[in-house]
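Chemist: here's my sequence, what's the structure:
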Amino acid sequence: MACGMKQLVVVIALAWVLSLQEHSSSVHGKPQVPCFFIFGDSLADNGNNNVLDTLAKVNYQPYGIDFPSGIATGRFSNGRTTVDVLSELLGFDNYIPPFAFVNGSDILKGVNYACGAAGIRKETGKQLGARISMGRQLKNHKIIISRIVDILGKKRLAQNHLNKCLYSVGMGSNDYINNYFVPQHYHTSKKFTTEQYAEVLINQYSWEILKLYKYGARKVALVGLGLIGCTPSAISSFGTNGSACVDTLNIAAQLFNQRLVSLVEKLNSNLTDAKFIYINSFEMGSGDPAAAGFTVSNVGCCAVNEVGQCNVDHAPCKNRTEYVFWDGFHPTEALNRITAIRSYNAFNPVDTYPMDISHLVQLQINNPATPAT
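Modeler: The predicted structure is shown next:
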């Protein structure tokens, strides 16, 4: 425990140092990669759900209270998401725009396809309404690729551009919290054991990641599942039976993560003209939150509704930097910053595998001549 606390204190110092650099990297030079493409769920969604008929929509106050100008953009947090902070660390002048609203040449710098309630499986999140699954996000990416070809004029130029981009892919949480562990809406828990389900998810995921590779992705960060059993909503819904968190959910997440690490190893072995890394969200979420300055970790900063989101126009807590969670499921900007910094520049060897994002973007990868679509 003492070792874990010491490491988290180091994170605080690192976060402070990097906070001085975040807004200067783009001023003193171009971004470390020409483009950043984001696939994921509500942890990365920055407005795509605003145009969907779904309960998983947060384009209202108090969401965004700590975002620039206090705008509720559709981000499931009080401020920036992890990928927002990553875009700053990478040196981008602006945050990567959501697919729903991007236009013109802005797509050359990347697109955010993430969607709240979405998962690897198509049916995941259906009880909340419309959503954009990983498969559909890939279809949206193909649309963007065709537009990039049109802008650059040639498929070869588009391919060279796409090969240099960073791709962040974080999926799977909803396949548990909005599928497997919601038996009143889904039959997956009756059909599969947790081990079988993890295998089924990874098999489908691997096919989708290979499709992303086919579309030109050569630098890919695969984000593992966090401690889904430690969210305020999980604790209130399932109870902990004396534990700090809901162990069954966390064990399921670990089964998925173990297979995701194996997938990363397999991809790196078979696709030598690309590099895939694993972001160990589970490990980053472990340890003593108090050592990182958090005083509240079992409830969210805002009062929530029946789906675990903040009540509309309800005043949240004032000491938001002391809370791990913003609502029933999603981290505060304070935690998102730490997660992004550790993903970008790992100070603990188990934070990322086999390297962190800062080293991934520096890699010079020789790519064969392959079409952009």
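
Chemist: correct me if wrong: V102 contacts Y113.
Modeler: No: here V102 lies out of contact with Y113, judged by C-beta atoms under 8 Å, at a distance of 9.9 Å. (Glycine included, C-beta is placed from N, CA and C.)

Chemist: of those two, which one has the most company?
Modeler: Counted by other C-beta atoms under 10 Å, V102 and Y113 do not tie: Y113 has more neighbours, with 27 against 18.

Chemist: can you show me the strands along the stretch 201-350 of the chain?
Modeler: Counting by DSSP state E, counting those that start in this stretch, the stretch 201-350 of the chain forms strands over residues 219-223, 275-279, 296-300, 323-325, given from the N-terminal end onward.

Chemist: now swap in the stretch 51-200 of the chain and tell me
Modeler: Secondary structure of the stretch 51-200 of the chain (DSSP E, counting those that start in this stretch): strands located at 166-170.

Chemist: for it, what spans make up the helices?
Modeler: 82-89, 134-152, 155-163, 174-175, 188-191, 194-214 (DSSP state H, counting those that start in this stretch).

Chemist: what's the offset of the fourth one from the middle of its chain?
Modeler: When you say that, I think you mean helix 174-175. 13 Å (C-alpha atoms, centre = their mean, to the nearest Å).

Chemist: rewinding a little: just name the most buried of the helices of the stretch 51-200 of the chain.
Modeler: Each of the helices of the stretch 51-200 of the chain was assessed for mean neighbour count using mean count of other C-beta atoms under 10 Å. The highest is helix 174-175, with a mean of 30.

Chemist: pull the residues that contact that helix.
Modeler: Contacts of helix 174-175 with the rest of the structure, by C-beta atoms under 8 Å, 6 or more residues apart in numbering, involve 41-42, 117-121, 124-125, 201.

Chemist: what do you get if the cut-off is 7 Å, keeping everything else the same?
Modeler: Outside of helix 174-175, the residues within contact range by C-beta atoms under 7 Å, 6 or more residues apart in numbering are 41, 117-121, 124-125, 201.

Chemist: how about low-confidence regions in this structure?
Modeler: Along the chain, the model assigns pLDDT under 70 to residues 1-28, 367-373.

Chemist: remind me, longest helix of it?
Modeler: Longest helix in the chain by number of residues, with DSSP state H as the criterion: helix 247-270.

Chemist: what packs against that one?
Modeler: Under the contact criterion of 3 or more C-beta pairs under 7 Å, 6 or more residues apart in numbering; DSSP states H and E, the helices and strands touching helix 247-270 comprise helix 194-214, strand 275-279, helix 281-284.

Chemist: let's have the ones you listed in CSV, adding distance to N178.
Modeler: Below are the helices and strands packed on helix 247-270 laid out as CSV (distance: least, C-beta to C-beta, whole Å):
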stretch, distance to N178
helix 194-214, 13
strand 275-279, 21
helix 281-284, 17
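
Chemist: distance check, the nearest residue to H314 once chain neighbours are set aside against G74.
Modeler: Nearest in space to H314, with sequence neighbours left out and distances taken as C-beta to C-beta, 6 or more residues apart in numbering, is A303 at 5.3 Å. For A303, the distance to G74 (C-beta to C-beta, to the nearest Å) stands at 20 Å.

Chemist: out of these two, which sits in the busier spot?
Modeler: Neighbours of A303 and G74, each counted by other C-beta under 10 Å, are more numerous for G74; the result is 23 against 15.

Chemist: for the more buried one, give me its contacts.
Modeler: With the criterion set at C-beta under 7 Å, 6+ apart, G74 makes contact with 45-47, 49-50, 58-59.

Chemist: export these to CSV and tack on neighbour count and secondary structure?
Modeler: As requested, the contacts of G74 are exported to CSV (neighbours: other C-beta atoms under 10 Å; DSSP: H, G, I helix; E, B strand; the rest coil):
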residue, neighbour count, secondary structure
D45, 32, coil
N46, 26, strand
G47, 21, coil
N49, 30, helix
N50, 18, helix
V58, 26, coil
N59, 15, coil
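
Chemist: I am finished for the moment; much appreciated.
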